Structures are given as C-alpha cells and as structure tokens.
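[1] predicted structure and sequence below. I'll ask about it afterward.
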Amino acid sequence: MRLIMLGPPGAGKGTQAALLSARRGIPAISTGDIFRANIKNETPLGRQVKEITASGGYVTDEITNQIVRDRLEQPDAVDGFLLDGYPRTPGQVDALDAMLGEAGHTIDAVIELTVDTDVVVARLLVRAQEQGRADDTEEVVRERMKLYTEETAPLAAVYADRGLLHQVDGMGTVHEVTARVEQALEQAPLGGSGPTIA
C-alpha cells in the first residue's frame, strides 16, 4: 500500500501518519522529520534547510526529491509506505511518479486533512512553546499556510482527477480524525473514487 497524506502545517498529518503506519504495517516517511534530524545534527543539508525554513520558505524540489528517492529505496519501503509532507509541488508530483514508475508502482490513495486556518495557527503556536521550535512564530506559520494554499493545495486537484483523493475533516480529537481516515480508506477501493468524509 502506497499512500500520501496531504494537509497544511499543523493539520495533524504527522500524528495520523504514525497511527496509520502502525495499523497498516508500512513506514511513515516525513520529509520534515528527515530535515529536522539533519538540522539537529548540524549536517551541511541541515544548515541549508535551517536557513530556508527560518524564513518560512520550502526546501527546493531538487533537495527534497533526492531525499525521498533515497528513503524509498530502503528495504522497509519496498512493499509500501505513507508519505507525510511530500509531494508539495507539481514538480515533486512528477518526480514521485517517475520514481514509482521505475519500479512499476503507483500511489494507491491520497488522504487530505482539511482544517480551519486560525485554529491551526493557534495549534502551532502552542506546539512552538512546548517543543521550543524557534521557527514557529505566528508570522512564519501564516507564511507557510499562504505557501501551502498557493503551491500545495492545487495538488489535491491533480489527485482528485486521478480518482485517488479522499478528503477528511481534520478538526476534532485524534481518535475522531483517525476514525474518519479509516472510513475514507474503507469506503472506496484504493485507487478508486475518493469520498469526502466530514
């Protein structure tokens, strides 16, 4: 099973991806986690990524695509995976299609978590205090939300055209959202028409 989790920063993608990964027995691959690990270890990539994210920008497609390719080639991802935070741009969609096509695979389904912007901003500011994330200021968070709307949200239309998109209401408790995600995957065959789960 090869899945993608879409949604703006703070939508709960990481939480839901981890839960879905455990239930389905596939690795949850988060580009954000990979980047943060590099930043923490002060690798050359980490320093480059830190400079970009501190200003609210996205890491370039070239860097991100290579990191994802390397990760998907690892043994635990051969039979399936869940991508959290990737793809984010049309160029990344094309790159992912090419990566999977080389191995004769395709994406089975795309889950998009939909949320209220103001609620997400408040949620991220609380997370910033709890986790000491210096980059999560309100200004930077709102810039990320703007970038998501402009660059990433249109990807939902791409996957909807392919019949792969399952929109899920991301507001509520973790358990409530988890139940909606499972309902979305169970109601329609993987690779089939995706319903909207309110």
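    Thanks, I have the structure now.
[2] ok, the residue nearest the centre of the chain - contacts?
    Nearest to the geometric centre of the chain sits residue 85, at 2.2 Å (CA atoms, centre = their mean). Contact partners of residue 85, counting by CB atoms under 8 Å, 6 or more residues apart in numbering, are 5, 13, 30-32. Where you see a C-beta, it was placed from the backbone N, CA and C, and this is true even at glycine.
[3] poorly predicted segments of this protein, please.
    Along the chain, segments meeting pLDDT under 70 span 188-198.
[4] which stretches of it form helices?
    13-24, 31-40, 44-54, 61-72, 90-102, 117-131, 138-147, 154-161, 174-187 (DSSP state H).
[5] closest one to residue 109 among the ones you listed?
    Proximity to residue 109, assessed across the helices of the chain by CB to CB, is greatest for helix 174-187 (6.3 Å).
[6] what does the closest one rub up against?
    Contacts of helix 174-187 (CB under 8 Å, 6+ apart): 12, 15-16, 19-20, 23, 109, 111, 113, 166-171, 194-195, 197.
[7] could you give the angle of that helix to helix 13-24?
    Angle, helix 174-187 to helix 13-24, by axes from the mean of the first three to the mean of the last three CA atoms, to 10 degrees: 60 degrees.
[8] buried residues, helix 174-187. List them.
    177-178, 180-182, 184-185 (16 or more other CB atoms under 10 Å).
[9] can you put the contacts of residue 85 in CSV and add neighbour count and distance to residue 124?
    As requested, those are arranged in CSV below (neighbours: other CB atoms under 10 Å; distance: CB to CB, whole Å):
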residue, neighbour count, distance to residue 124
5, 26, 17
13, 25, 12
30, 21, 16
31, 23, 17
32, 16, 13
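[10] would you list those in a markdown table and tack on distance to residue 130?
    Output for the contacts of residue 85, formatted as a markdown table (distance: CB to CB, whole Å):
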| residue | distance to residue 130 |
| --- | --- |
| 5 | 22 |
| 13 | 18 |
| 30 | 18 |
| 31 | 22 |
| 32 | 16 |
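[11] measure stretch 153-167 end to end?
    One end of stretch 153-167 sits 12 Å from the other (CA to CA, to the nearest Å).
[12] again, but for stretch 73-93
    17 Å.
[13] buried residues of that stretch, list them for me.
    Neighbour-count burial for stretch 73-93 [16+ other CB under 10 Å]: 77, 80-89, 92-93.
[14] out of the contacts of helix 174-187, list just those in strands.
    For the contacts of helix 174-187, the ones inside strands are 109, 111, 113, 166-169, 197, with DSSP state E as the criterion.
[15] hang on, the earlier thing: between the contacts of residue 85, which sits nearest residue 123?
    Closest approach between these and residue 123, by CB to CB: residue 13, at 12.3 Å.
[16] so what's the closest one up against?
    Neighbours of residue 13 in contact, by CB under 8 Å, 6+ apart: 5-7, 30, 84-85, 113.
[17] that one and residue 44, how far apart?
    Here residue 13 is placed at a distance of 27 Å from residue 44 (CB to CB, to the nearest Å).
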